Each structure stands twice: as structure tokens, then as C-alpha cells.
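Visitor: for reference, the sequence and a predicted model appear below.
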Amino acid sequence: MTDILLTGQRAVVTGASSGIGAATARALASAGAAVVLTYRSKEEDAEAVADEARREGATMHVVQADISKPEDCTRLFDETDRLLGGVDILVANAGVQKDAAFAELSLKDWQTVLDVNLTGQFLCAQEAVRRFLAQGTVETSAAAGKIIFTSSVHQGIPWAGHVNYAAAKGGVKLLMQSMAQELSCEKIRVNAVAPGAIKTDINKEAWADEEAEKELLKLIPYGRVGVPEDVGRAVAWLASDASDYVVGTTLFIDGGMMLYPAFRDDG
């Protein structure tokens, strides 16, 4: 079995000041990659993630970027070129939620979520692909470049009260698949991870106390709520040659949430 080794590779992880992004940056660094992580507003949190990795001997840099802005995406990859000499892996992870009942959802909140969760992913991925094509194949990887999107179980499960988020994640699914179809002939691998319930600050109300967690577990056949490291390890595998034949796939990291556990007892 091929080990998860990313020695000599260069990665960008967006939205990595906390939660899934931070765990992913740490997992990539642990596998040997040099990492640039981005934050939009929480510089101290991002620097804390990087400092922890540096103490363990990793190469990790912090760059501020609002990935919904094309100029910030270009600057991010220019900075990565300057800091690391190029890029081999993009983890397009940054995302936001602006929740409301459908009839009360403002156009501003609809647009904000689409701008970050879908358009921002497109902008970063497009910039990464341009760099991959310019670089060509590299000695440290079987692929010329790897992109992993952070999607969600809600690319497939409707989510009342969160229509902007679900619409964006549904878009990410077909963005990823269409890119994979087009770019695999260039030796660029495009995949996604789709987390289910993960213990992050954004959904803390759903698991912070015993009763809330008990209700949440009704949706998870495996019987536990996920942690960011569950996703980080999966992303590191998708970025490595251990998964070199995996193209255009969404890896669900959800403890079985996509199995619709309400139907376990004959519906």
C-alpha cells in the first residue's frame, strides 16, 4: 500500500484559520507538503495554526485573501509562487453560511454565500489550473496538479432554511465533475470531499451539549460526530499518489449520513 507522502509538494488551503481548513493544512504539512494557508479576517487564528506546524518542523505560510475577489485569488497564487516557487495542490475549502427561511432570505445573503462558496471556489481553481498548465508535470507527483474542493452532504441532501448554502454546494459538485472531465487529460486530478456533521464552530449549537448531540446522532448511523481531522486525513490521501486513479469523485466523510438513517426500520 502506498504511503500518504507529499514530500516536496506545495499546497494552498483556503479558509484555513480554523476547523476543517486548519486540520487539512496540518494534515498536508504532516505528510511533507509546504503549505500556504489563507484567512479572510482572523489573522491571529491563522498564525496560530502556522506557528504550531512550524514548531513541528513544517513549512507553512499565511496569506490574507478574500477568495470571492478575483484580484485576491491572483495575488494569493502570486504570493505562493514567491514563497514556495509554485503550487501542486489546491484545497478549495473557504466557505460561509448565511441562514434564513426561504421567504426571508435576503438577496445580499444569497449572493454572499454564492460568491464565496461557489464563485470563490471557481476563481481559485481557475488560477490554480493556469499555474498547473504552465508548470507541466513535476517529479514529486504523478499528476501535474491536484484540486480538492470542500463540498458537503448538502450537495445531495436538500436543506430547508439553508437554500443558498445547498445551492452553492450542488454547484460545487458539478463544477468539480465538469473540471475533472475536461482537465484529466492534462494530468490534473480534480475531486471533492463532502463532510457531514463535523465539530466546528460554525455548527457548535448542534453538538455543544449532550441533548443537542443526541439529536444530531439520529442522523449519523456510525454513532459519532466527526472531527476536522477526519476530513484533513481524507484530503491528504486525495492529494497523494495513493489516490492517483481517483478522478472526479466526491468522498463523503459523514458517518453514513447520506444513507438516510430514518429509513433504517423499513421506512
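Guide: Yep, it's here. Since the model is a prediction, treat every value here as computed from it, not as a measurement. Residues are numbered from 1 along each chain as shown.
Visitor: so which bits of stretch 56-64 are buried?
Guide: Residues of stretch 56-64 classed as buried under the neighbour-count rule (16 or more other CB atoms under 10 Å) are 58, 59, 60, 61, 62, 63, 64. C-beta coordinates here come from the backbone N, C-alpha and C atoms, glycine included.
Visitor: now stretch 76-85
Guide: Within stretch 76-85, the residues that count as buried by 16+ other CB under 10 Å are 76, 77, 79, 80, 83, 84.
Visitor: span of stretch 194-211 from start to end?
Guide: Start-to-end span of stretch 194-211 (CA to CA, to the nearest Å) is 25 Å.
Visitor: any low-confidence regions in this protein?
Guide: Applying pLDDT under 70 to the chain flags residues 1-2, 266-267.
Visitor: returning to what we had before: just name the closest of the buried residues of stretch 76-85 to residue 126, please.
Guide: For the buried residues of stretch 76-85, the closest approach to residue 126 (CB to CB) belongs to residue 77, at 10.1 Å.
Visitor: neighbouring contacts of the helix or strand that closest one falls within?
Guide: Mapping residue 77 onto the secondary structure by DSSP states H and E places it in helix 70-84. Identification of contacts with helix 70-84 by CB atoms under 8 Å, 6 or more residues apart in numbering yields 10, 12, 14, 34, 36, 38, 59, 61, 63, 65-67, 86-87, 120, 123-124, 126-128, 131.
Visitor: same thing with stretch 24-35?
Guide: Counting by CB under 8 Å, 6+ apart, 4-13, 16, 37, 49-50, 52-53, 56, 58-61, 84, 88-89, 91, 93, 228-229, 231-233, 235-236, 239-240 sit against stretch 24-35.
Visitor: now, which of those residues lie within strands?
Guide: In strands, judged by DSSP state E, the following of the contacts of stretch 24-35 are found: 10, 11, 12, 13, 37, 60, 61, 89, 91.
Visitor: tell me what the first one is bridged to.
Guide: So the one you mean is residue 10. Residue 10 has these beta-bridge partners by DSSP bridges: residue 34.
Visitor: other SSEs contacting the lengthiest helix in the chain?
Guide: Identified as the longest helix of the chain according to DSSP state H is helix 163-183. Counting contacts by 3 or more CB pairs under 8 Å, 6 or more residues apart in numbering; DSSP states H and E, helix 163-183 packs against helix 107-114, helix 120-135, strand 145-150, strand 188-195.
Visitor: by contact count, what packs against the shortest one?
Guide: This means strand 145-150. strand 89-92, helix 120-135, helix 163-183, strand 188-195, helix 228-239.
Visitor: quick one: list the elements packing against the shortest one.
Guide: Counting contacts by 3+ CB pairs under 8 Å, 6+ apart, the secondary-structure elements packed against strand 89-92 are strand 10-13, helix 19-30, helix 120-135, strand 145-150, helix 228-239.
Visitor: cutoff 7 Å now
Guide: When contacts are defined as 3 or more CB pairs under 7 Å, 6 or more residues apart in numbering; DSSP states H and E, strand 89-92 packs onto strand 10-13, helix 120-135, strand 145-150.
Visitor: partners of that strand in the sheet?
Guide: Strand pairing for strand 89-92, using DSSP bridges, gives strand 10-13 (parallel), strand 145-150 (parallel).
Visitor: got it, and the fourth one?
Guide: Applying DSSP bridges, strand 188-195 is found paired with strand 145-150 (parallel), strand 250-253 (parallel).
Visitor: next, the angle from the first one to helix 228-239.
Guide: Between the axis of strand 145-150 and that of helix 228-239 there is an angle of 150 degrees, by axes from the mean of the first three to the mean of the last three CA atoms, to 10 degrees.
Visitor: alpha carbons only: can I get strand 145-150 in PDB?
Guide: Taking Å, rounded to 0.1, in the frame of the first residue of the first chain, the C-alpha atoms of strand 145-150 are listed here in PDB:
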ATOM      1  CA  GLY A 145      -1.800  19.200 -10.200                       C
ATOM      2  CA  LYS A 146      -4.400  18.200  -7.700                       C
ATOM      3  CA  ILE A 147      -7.500  20.200  -6.700                       C
ATOM      4  CA  ILE A 148      -9.800  19.100  -3.800                       C
ATOM      5  CA  PHE A 149     -13.000  21.000  -3.200                       C
ATOM      6  CA  THR A 150     -14.700  21.000   0.200                       C
END
